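Enquirer: Compute the structure for the input listed below.
(one chain, ligands or ions: 1)
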Amino acid sequence: MNLERESLDFDIVFTGAGPANLTAVLHLQHLINQHNAQAEASLDPDIAVLEKGRYTGAHLLSGAILDPSVFDLFLPDFRERECPLEAEVSNESVWFLAGQKKFPIPYLPEPFRNKGCYLVSLSKLGAWLAGEAEAQGITILDSTAAVEPVIESGCVKGIVTDDKGLDKQGVRKPGSEHGMQLNAKVIVVGEGARGSIFRQLDQEFRLQEESRKQIYETGVKEIWKIPENRIKAGEVHHTFGYPLPPSIYGGGWLYALSDTEVSLGFVTSAEPERPVVDPHYNLQLFKLHPFVRKIIERGTVLEYGAKTITSGGYHAMPKLYGPGFLLTGESAGLVNMQRLKGLHLAMHSGVLAAETLFAALLSGDYSANALKDYQKRFETSTAHEEMYRAGNYRQGFEKSLYKGLVQAGLRLKVPGLTLAEKTVSPKENRLQPGRKEYNNWMKGKNAFSPDTSLTFSKSTDLYASGTVHEEDQPCHLLISKEDIAEICTKKCTEEFGNPCQHFCPASVYEIDLDADPILKLTPSNCLHCKTCEIADPYGIITWQPPEGGGGPGYKLS
Ligand code: SF4
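Expert: As a prediction, this is how the structure comes out:
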């Protein structure tokens, strides 16, 4: 569709108001303020920050443990400024769960320790950072999705935002509005894991050409209010083992945000090679383990949500810049799976992006050569050192939990150790689950019935995510009619039993082989986690942002 769009001119447009971009815009404004206080010629760039959620923080979800050392780089008085820190990490443990038993890991090596770190709600932290930025005069445009980069003559020139008011067929409803074209000298892409702008930039500029394959996990989380005397604020517990078999990577967490509120969640690998998983079901089983049950029973769920985690590590990072753009946070692949953390790295990338942008504002040079400075800044930073030391930690677990543990031990002796990774041939990329294994798994899943006090169905949990979308809008999950006819209802049914019905944590996909249409989508349930685009074994699902303002409404996650 070729539309005459209204356009606005900016110097810098940030796509995504997550911790990386909010840190970037805040630090940039501090640098500008310092400059303007001393220099004769003031800098007054036009800046826009786009957020697809209906408020800042609405789409932000993480465990989360924050390494506060990153604040030294841009906001050392964060405590006095009432940064929302739920609790300082007090004691911590790692457990191997085997069936209904649990075994403590007696010694926690340095990368696994969280002394001096804080438990936070990422949603609250994002809202607080946004408040700090707004106090500096920055405007955050919420309910505004970035849908497409503007690329001219091999250079990014801006962003197109979402159309509003289209019906399911794409026809304009009364009061509809075209998206805008926001022209910019630089766009800063910080969309979290597997963003749609990143995907388009990667197709155009081949940002991962020299990297190893990027991989992902799906994290599913609940916040619980629990009775007193079960746990102490600041306690941190991580688990591995049950309910996963050793062949599937993942594990659980339980963090005491206060004496009566816990963040608990479960991470399951999202792999197109092994798509028959159900991250939500794994979380329900996790809660049934006596270790977790005794802490949360007779409590209530306050919030539910899901997100994917970029977990390929140092060697899977894309190139961090290109003509007219920078990548920050998880768009840049910045998660350290060895420490199970990425928040401080995302914020660190924001600091480095701000310094690069400030230099560009001073020199007036926004060329790819000038933006390359961002990559150089990263390569001499402690964030780089940390990512490098963790190497390809997560890939060590691709074959099995036990091989992964051996490799994890080796890495403690040799930081930065990078081991060979599984290379998947196109044939292997269609790994059929063993029929017996699949049948057993389905048998267990079919027999599972949520008790509605400790365990819940996806639809009950979804209610606690605050998810809303305009129902009458074009479907934001793109699958061609041919693929639905040839793959969804034939090949995929035979080879995998339609895993989209399982891996989506929001029951968006339903296959009814006796109905017409066979594939039923409920896109208004979508949590924007992107698991479907990642774990789809045929690569036929494309996730694009729905109308801005739709999606989850996290407040505590
Ligand atoms: Fe996640 Fe939405 Fe895809 Fe379901 S449809 S897997 S909630 S992105």
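Enquirer: thinking Gly553 is in contact with Ala464, fair?
Expert: No - using CB atoms under 8 Å, Gly553 is not in contact with Ala464; the gap is 10.3 Å. For glycine as for every other residue, the C-beta is placed from the backbone atoms N, C-alpha and C.
Enquirer: List the contacts of Glu210.
Expert: Lys319 (CB atoms under 8 Å, 6 or more residues apart in numbering).
Enquirer: how close does it sit to Arg411?
Expert: To Arg411, Glu210 is 23 Å away according to CB to CB, to the nearest Å.
Enquirer: With Lys232 instead?
Expert: 31 Å.
Enquirer: Mind checking which of the two has more residues around it?
Expert: Arg411 (22 against 12; other CB atoms under 10 Å).
Enquirer: Quick check on that one: phi, psi?
Expert: Torsion angles at Arg411 (phi, psi; degrees, to the nearest 10) stand at phi -70, psi -30.
Enquirer: Quick check: which element contains the closest residue to it other than its chain neighbours?
Expert: Distance criterion CB to CB, 6 or more residues apart in numbering; nearest residue to Arg411, sequence neighbours excluded, is Leu417 at 5.0 Å. Per DSSP states H and E: Leu417 is located in neither a helix nor a strand.
Enquirer: ok, Leu417 - contacts?
Expert: 391, 407, 410-411.
Enquirer: Bridge partners for the residue in the stretch 101-250 of the chain positioned nearest to the ligand, pull those for me.
Expert: For the stretch 101-250 of the chain and the ligand, the shortest gap (CB to the nearest ligand atom) falls at Thr218, measuring 7.9 Å. Counting by DSSP bridges, Thr218 is bridged to Thr268, Thr308.
Enquirer: how about the strands in the stretch 301-450 of the chain?
Expert: 321-322, 325-327 (DSSP state E, counting those that start in this stretch).
Enquirer: among those, which is nearest Ile65?
Expert: Set against Ile65 and scored by CB to CB, the strands of the stretch 301-450 of the chain come closest in strand 325-327, at 23.5 Å.
Enquirer: what's the distance between the closest one and the middle of its chain?
Expert: Taking CA atoms, centre = their mean, to the nearest Å, one finds strand 325-327 lying 17 Å from the centre of the chain it belongs to.
Enquirer: Let me know the average pLDDT across that strand.
Expert: The predicted model gives strand 325-327 an average pLDDT of 98.
Enquirer: Write out the residues of this protein neighbouring the ligand.
Expert: Neighbours of the ligand within the chain, by CB under 6 Å from any ligand atom: 477, 504-506, 508, 526-532, 543.
Enquirer: In helices, which of those residues fall?
Expert: Mapping the residues of the chain next to the ligand onto helices (DSSP state H) picks out 531-532.
Enquirer: Show me the residues of the chain next to the ligand that map onto strands.
Expert: Residues of the residues of the chain next to the ligand located in strands (DSSP state E): 477, 543.
Enquirer: Ala464 is in contact with Val220, isn't it?
Expert: No - applying CB under 8 Å as the test, Ala464 and Val220 come out as separate, 12.0 Å apart.
Enquirer: Specify the local secondary structure of Glu204.
Expert: Recorded secondary structure, Glu204: helix (DSSP: H, G, I helix; E, B strand; the rest coil).
Enquirer: now it: how far from Leu419?
Expert: Relative to Leu419, and taking CB to CB, Glu204 is found at 32 Å.
Enquirer: just Val351 next, same as before
Expert: The value you get for Val351 to Leu419, if CB to CB is used, is 31 Å.
Enquirer: Between the two, which has more neighbouring residues?
Expert: Per other CB under 10 Å, whichever of Val351 and Leu419 has more neighbours is Val351, with 25 against 13.
Enquirer: neighbours around the closest residue to Asp278 other than its chain neighbours, how many?
Expert: Residue nearest to Asp278 in three dimensions, not counting chain neighbours: His502, with 4.1 Å by CB to CB, 6+ apart. Using other CB under 10 Å, the number of residues around His502 comes to 21.
Enquirer: What strand or helix carries His30?
Expert: Going by DSSP H and E, His30 is part of helix 19-38.
Enquirer: Identify each buried residue in that helix, please.
Expert: 19-32 (16 or more other CB atoms under 10 Å).
Enquirer: Tell me which other helices or strands it touches.
Expert: Packing contacts for helix 19-38, counted by 3 or more CB pairs under 8 Å, 6 or more residues apart in numbering; DSSP states H and E, involve strand 12-15, strand 47-50, helix 122-135, helix 343-363.
Enquirer: Turn these into CSV, columns for mean pLDDT.
Expert: Listed next are those as CSV, based on pLDDT from 0 to 100:
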stretch, mean pLDDT
strand 12-15, 98
strand 47-50, 97
helix 122-135, 98
helix 343-363, 98
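Enquirer: what's the most buried one of the ones you listed?
Expert: Sort the helices and strands packed on helix 19-38 by mean neighbour count, taking mean count of other CB atoms under 10 Å, and strand 12-15 sits at the top with a mean of 29.
Enquirer: partner strands of that one, parallel or antiparallel?
Expert: Strand 12-15 is paired, per DSSP bridges, with strand 47-50 (parallel), strand 186-189 (parallel).
Enquirer: List the buried residues of the one helix or strand the residue nearest to Asp278 maps to.
Expert: Assessed by DSSP H and E, His502 sits inside helix 500-503. Neighbour-count burial for helix 500-503 flags 500, 502-503 (criterion: 16+ other CB under 10 Å).
Enquirer: In CSV, list the C-alpha atoms belonging to stretch 225-244.
Expert: Output of stretch 225-244 as CSV, limited to C-alpha atoms (Å, rounded to 0.1, in the frame of the first residue of the first chain):
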residue,chain,number,x,y,z
LYS,A,225,0.9,-12.4,47.1
ILE,A,226,1.6,-15.0,49.8
PRO,A,227,0.9,-15.5,53.6
GLU,A,228,3.6,-14.3,56.0
ASN,A,229,6.4,-16.3,57.4
ARG,A,230,7.1,-18.3,54.3
ILE,A,231,10.1,-16.4,53.0
LYS,A,232,12.2,-13.4,53.7
ALA,A,233,12.5,-10.3,51.4
GLY,A,234,15.6,-10.6,49.2
GLU,A,235,15.7,-14.4,49.1
VAL,A,236,16.7,-15.7,45.6
HIS,A,237,16.2,-19.4,44.5
HIS,A,238,17.1,-20.8,41.1
THR,A,239,16.3,-24.4,40.1
PHE,A,240,17.0,-26.8,37.3
GLY,A,241,15.8,-30.3,36.5
TYR,A,242,12.1,-31.0,37.1
PRO,A,243,9.8,-30.6,35.3
LEU,A,244,12.1,-30.7,32.2
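Enquirer: pLDDT of it, averaged?
Expert: Computed over stretch 225-244, the average pLDDT equals 97.
Enquirer: all helices of the stretch 451-557 of the chain, in order?
Expert: Ranges of helices in the stretch 451-557 of the chain, per DSSP state H, counting those that start in this stretch, are 458-463, 481-483, 492-496, 500-503, 531-535.
Enquirer: could you dump those helices to TSV with mean pLDDT and distance to Glu471?
Expert: Below are the helices of the stretch 451-557 of the chain laid out as TSV (pLDDT from 0 to 100; distance: least, CB to CB, whole Å):
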stretch	mean pLDDT	distance to Glu471
helix 458-463	97	15
helix 481-483	94	22
helix 492-496	88	27
helix 500-503	96	20
helix 531-535	97	19
